[in-house]
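J.: next one to model:
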Amino acid sequence: MLHPKSDVDRLYLPRSKGGRGMIQLELSYKTSTIGLYNYLDNTEDWMLQLVNRHENSKRLHSVTKESDKFSRELDLEIEINNLLSPTEIARKTKKKAKHEGLKQLESRWQEKPLHGQFAARANNADVDTQATHQWLRNPGLKAETEGFILGSTGSKFCFTRNYQANVLHNGADPKCRFCDERIETIDHLVSGCSILTPGEYKNRHDRVGQYLHWKICNRFSIKTQSDWYKHHPEPVTEGKDVTILWDFPIQTDRTIQANRPDIVIKDRKNNQCFLIDMRVKVKVKVMNQTPGAEKKNYVDINNDQPEDRFLRRQDYVAPQVWNLSVDVRAKDSLIAGDETSMSD
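T.: Numbers count the residues shown, from 1 in each chain. Okay, the predicted model is just below:
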């Protein structure tokens, strides 16, 4: 369930934040002790008041002393509202203590030089954190599979040559075993190896395009398969008022290198044309890339097409899918099938 090289703190974080959602016994004991002390300290029951005085008189291992100790460890500031009942005070204090404890766990996870890389990347402003961790909240994977995925993406402990050379120090050559050009890291294997580009990377790219083509066909009420993975895009798909081209070269009056967008949508009803070109990237690879760089590849097509060949208005859309996180700007406009994205 937990890979030997995986991060332990991540086990106890909520799944909505990228953790495994397990209960940490240590934190549970601390919050229960703090809640019990606040209940005894505010109760009006004379028998429980006697218990509280007895605990205060102990020299060691008293609820009072342990509660003070745990509150300092959690940086917990307790504010007592006399209008609340002792039970409500204890429940509210326990909830606050648990929140502070999880906050410390998350902070420790993010500060780790290796395990914290994924946490720092997933918390960027352009990443949809909810969509990134959605797969953790849906059942279906075995515990071993889930643990291996989390370890591979979050902890980067896969047995790459870079890991062998710089972590295990076993004298291995850190260069990629396929291309022998760059350091073999997970990011390089996922989206940077020139040898894997024509095979594995292209197949992954086409699978993403297959889903996007299926959603677009449904958007324009074109009959398709019920499941996206059974859908096989045709080079030309005709609808009532639309023509969808898949990986189809665009004829131009002069030679243009970038003349083959992944998907072209000719919307005759709204007199529009959309050029869609997809990218499947690693976040760190494009962190410093100039926004709109892909769009420049198709400027020549826009300028070369006469109005009677295509349609009056042409828009370029570049959905991007990150391998290790989700970019909200790349995801929401087209895949969701939002009507305004096709007509505005």
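
J.: can you map out the strands along the stretch 101-250 of the chain?
T.: Counting by DSSP state E, counting those that start in this stretch, one finds strands in the stretch 101-250 of the chain at the ranges 236-238, 242-246.

J.: mind listing the strands the shortest one pairs with, and their directions?
T.: Strand partners for strand 236-238, identified by DSSP bridges, are recorded as strand 242-246 (antiparallel).

J.: mind saving the C-alpha coords of stretch 136-147 as CSV?
T.: Extracted C-alpha coordinates of stretch 136-147, given in CSV (Å, rounded to 0.1, in the frame of the first residue of the first chain):
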residue,chain,number,x,y,z
LEU,A,136,-7.7,10.1,-5.6
ARG,A,137,-11.4,10.5,-4.6
ASN,A,138,-12.8,8.0,-7.0
PRO,A,139,-12.5,4.3,-6.2
GLY,A,140,-11.2,1.8,-8.8
LEU,A,141,-7.5,1.4,-8.3
LYS,A,142,-5.8,-1.2,-6.1
ALA,A,143,-4.0,0.2,-3.1
GLU,A,144,-0.7,-1.0,-4.5
THR,A,145,-1.3,0.7,-7.9
GLU,A,146,-2.3,3.9,-6.2
GLY,A,147,0.7,3.9,-3.9
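
J.: what comes into contact with that stretch?
T.: Under the criterion Cβ atoms under 8 Å, 6 or more residues apart in numbering, residues 1-3, 6, 15-16, 18-21, 135, 149 lie in contact with stretch 136-147. Where C-beta positions appear, they are placed from N, C-alpha and C, glycine not excepted.

J.: of all the strands of the stretch 101-250 of the chain, which one comes closest to V208?
T.: Closest approach to V208 among the strands of the stretch 101-250 of the chain (Cβ to Cβ): strand 242-246, 12.8 Å.

J.: what's the most distant pair in the contacts of stretch 136-147?
T.: With Cβ to Cβ as the measure, no two of these lie farther apart than H3 and S16, at 21.4 Å.

J.: on that earlier part again, of the strands of the stretch 101-250 of the chain, flag the one that's most buried.
T.: strand 242-246 (a mean of 20; mean count of other Cβ atoms under 10 Å).

J.: whichever helix or strand comes after that strand packs against which elements?
T.: Going down the chain from strand 242-246, the next helix or strand is strand 263-267, by DSSP states H and E. Other helices and strands packing on strand 263-267, by 3 or more Cβ pairs under 8 Å, 6 or more residues apart in numbering; DSSP states H and E, are helix 202-219, strand 242-246, strand 272-276.

J.: could you dump those to a markdown table with mean pLDDT?
T.: Converted to a markdown table, the helices and strands packed on strand 263-267 look like this (pLDDT from 0 to 100):
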| stretch | mean pLDDT |
| --- | --- |
| helix 202-219 | 92 |
| strand 242-246 | 94 |
| strand 272-276 | 88 |
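
J.: about what we covered before: closest to Q210 out of the strands of the stretch 101-250 of the chain?
T.: Taking Cβ to Cβ, strand 242-246 is the member of these nearest to Q210, at 9.2 Å.

J.: got the CA positions of that closest one in PDB?
T.: This file holds the C-alpha atoms of strand 242-246, laid out as PDB (Å, rounded to 0.1, in the frame of the first residue of the first chain):
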ATOM      1  CA  VAL A 242     -20.100  21.600 -39.400                       C
ATOM      2  CA  THR A 243     -17.100  19.800 -40.900                       C
ATOM      3  CA  ILE A 244     -14.400  18.300 -38.500                       C
ATOM      4  CA  LEU A 245     -11.000  17.500 -39.900                       C
ATOM      5  CA  TRP A 246      -8.700  15.100 -38.000                       C
END
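
J.: F70 is nearest to which of the strands of the stretch 101-250 of the chain?
T.: strand 242-246 (60.6 Å).
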